[in-house]
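# how would this look folded up:
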Amino acid sequence: MGSGSNGAAPMIVEVTRGPLAESRHRVRAVAVRADGRRLYVRGDVEAPVYPRSAVKAVQALPLIETGAADAYAVTSEELALAAASHGGEPAQTERVAAWLSRIGLGPGDLECGVHAPYDPATAEDLVRRGEAPTPIHNNCSGKHTGFLTTALHLGEPTRGYAAYDHPVQRRLRAVVGEMADIDLTDAPWGIDGCAIPTIGMPLPALALAMARLADPSGLRSARAEAAARITAAWGAHPLLISGTATFDTDFMNGVGSRILTKAGAEGVCCAVVPEAGIGLAVKVEDGTTRAAGPAAAAVLRAMGLIGDAEWERLGSVVEPPVKTRLGVAVGRVRCCG
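Sure, this is the predicted structure:
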């Protein structure tokens, strides 16, 4: 496997239309092993970034570690939803609703807020039926149901669980900090779109947390087991992680889930490569989501983790077409250096 570039220059993802590159996005990227050894570095990776939803698999570890998952018979599908940014499709929301009901709670207990389903067909179906979206349609409802499940199991208040000082959030910071090998006590933080704190950290720390999911052999036994269960659920249910016609779902399906990916808002994307024990984190500097997946895929290819034949098969997943309103491809999004 090649080590790729470790220069300071950021990656460039360009958006073409006809013969011209109409837009260009600068991308920072770093890939590491579970011992922290850096394999690939592009751009200023030391500047802190908010991991946003790309860190959800790590945030799901306490659900298993505390015994809550087993106490409430949480299924593999529900573990996947705890790590998901789903599109609000029925296959996703029906499972979240059933999980909430089983633990004796409902949509009103979710503190993630409400937005229309990301999946266009599902959003249109709601409008046709004259129904309004609920917190279950929020892309983070599975993650929040996991938080509630853990709080119930530990006898913690379920109200206010999204607050910075709530035991749920203190526990999450501790777990993320341990996985990333960084003290988050005084780290910069803001409020994510789903109302929980998002904690700033350098990209190598985020990549290390992913690498330890990929290779949990150095973790204590309970956490290693939790990591293995989360990654198994992540890979087994790509549709639940994201949804129809999304990068994460289509990419993981395309590679048979031997590489796991998870996008976050503002151009963040992480990857976990269990077969190589590698974690990857990328950040598009201008926050453009469309560049994050192609950038992550390009790094994986540069490192020899995606071969030429597989790259060709992935096609529009890794180099998405730019289309007219008639659906005609007139350009593409691609990494150019």
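# Now do the phi/psi pair for the closest residue to Glu266 other than its chain neighbours.
If the residues on either side of it in the chain are set aside, Glu266 comes closest to Gly287, at 4.0 Å by Cβ to Cβ, 6 or more residues apart in numbering. From N, CA and C alone the C-beta is placed, and that goes for glycine too. Backbone torsions for Gly287, taken as degrees, to the nearest 10, come to phi 80, psi 10.
# Quick one: residues contacting Gly287.
With contacts taken as Cβ atoms under 8 Å, 6 or more residues apart in numbering, Gly287 has the following neighbours: Ala265, Glu266, Gly267.
# now do 10 Å
Listed by Cβ atoms under 10 Å, 6 or more residues apart in numbering, the contact set of Gly287 reads His25, Arg52, Ala265, Glu266, Gly267, Val268.
# Buried residues in the longest strand seen in the chain, which are they?
Ranked by number of residues, the top strand in the chain under DSSP state E is strand 20-33. In terms of neighbour count (16 or more other Cβ atoms under 10 Å), strand 20-33 has its buried residues at Ser23, His25, Arg26, Val27, Arg28, Ala29, Val30, Ala31, Val32, Arg33.
# Arg332 is in contact with the first one, correct?
No - at 11.9 Å, Ser23 does not count as touching Arg332 under the criterion of Cβ atoms under 10 Å.
# Point out where the chain drops to low pLDDT.
1-7 (pLDDT under 70).
# Could you pull out the strands in it for me?
Under the criterion DSSP E, the chain carries strands at the ranges 11-17, 20-33, 38-42, 48-49, 189-191, 197-199, 201-202, 260-264, 268-273, 278-284, 321-323, 329-335.
# circling back: got any residues that touch both of Ser23 and Arg332?
Glu14, Val15, Thr16, Arg17, Val322.
# List the contacts of His86.
Under the criterion of Cβ under 10 Å, 6+ apart, the neighbours of His86 are 80, 92-93, 95-96, 117-119, 136-143, 239-243, 246, 249.
# re the thing from before, adding distance to Arg301, write the strands of the chain out as a markdown table.
Below are the strands of the chain laid out as a markdown table (distance: least, Cβ to Cβ, whole Å):
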| stretch | distance to Arg301 |
| --- | --- |
| strand 11-17 | 12 |
| strand 20-33 | 12 |
| strand 38-42 | 11 |
| strand 48-49 | 23 |
| strand 189-191 | 33 |
| strand 197-199 | 29 |
| strand 201-202 | 24 |
| strand 260-264 | 13 |
| strand 268-273 | 12 |
| strand 278-284 | 12 |
| strand 321-323 | 18 |
| strand 329-335 | 8 |
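# among the ones you listed, which is nearest Ala132?
For Ala132, the closest of the strands of the chain is strand 189-191, at 23.9 Å, according to Cβ to Cβ.
# Pull up the pairing partners for the closest one, direction included.
The partner list of strand 189-191 in its sheet, established with DSSP bridges, is strand 197-199 (antiparallel).
# and the closest residue to Pro320 other than its chain neighbours, what does it touch?
Ranked by Cβ to Cβ, 6+ apart and with sequence neighbours excluded, the top spatial neighbour of Pro320 is Val333, at 4.8 Å. If a contact means Cβ under 10 Å, 6+ apart, then Val333 has 13-16, 23, 25, 288, 290-291, 293-295, 316, 318-322 as its contacts.
# please redo it, this time with the cut-off set to 7 Å
In this structure, Val333 makes contact with Val13, Val15, Arg290, Ala291, Pro294, Glu319, Pro320, Val322, judged by Cβ atoms under 7 Å, 6 or more residues apart in numbering.
# Gly43 versus the second one, what's the distance?
Between Val15 and Gly43 the distance is 19 Å, computed by Cβ to Cβ, to the nearest Å.
# quick one: contacts for the closest residue to Val168 other than its chain neighbours?
Closest residue to Val168 apart from its sequence neighbours, by Cβ to Cβ, 6+ apart: Tyr161 at 4.5 Å. The contact partners of Tyr161, by Cβ under 7 Å, 6+ apart, come to Glu111, Phe147, Leu148, Ala151, Val168.
# try it again with 8 Å
Applying Cβ under 8 Å, 6+ apart to Tyr161 gives the contacts Glu111, His144, Phe147, Leu148, Ala151, Val168, Gln169.
# Quick check: it vs Thr122, distance?
In this view, Tyr161 and Thr122 are 27 Å apart by Cβ to Cβ.
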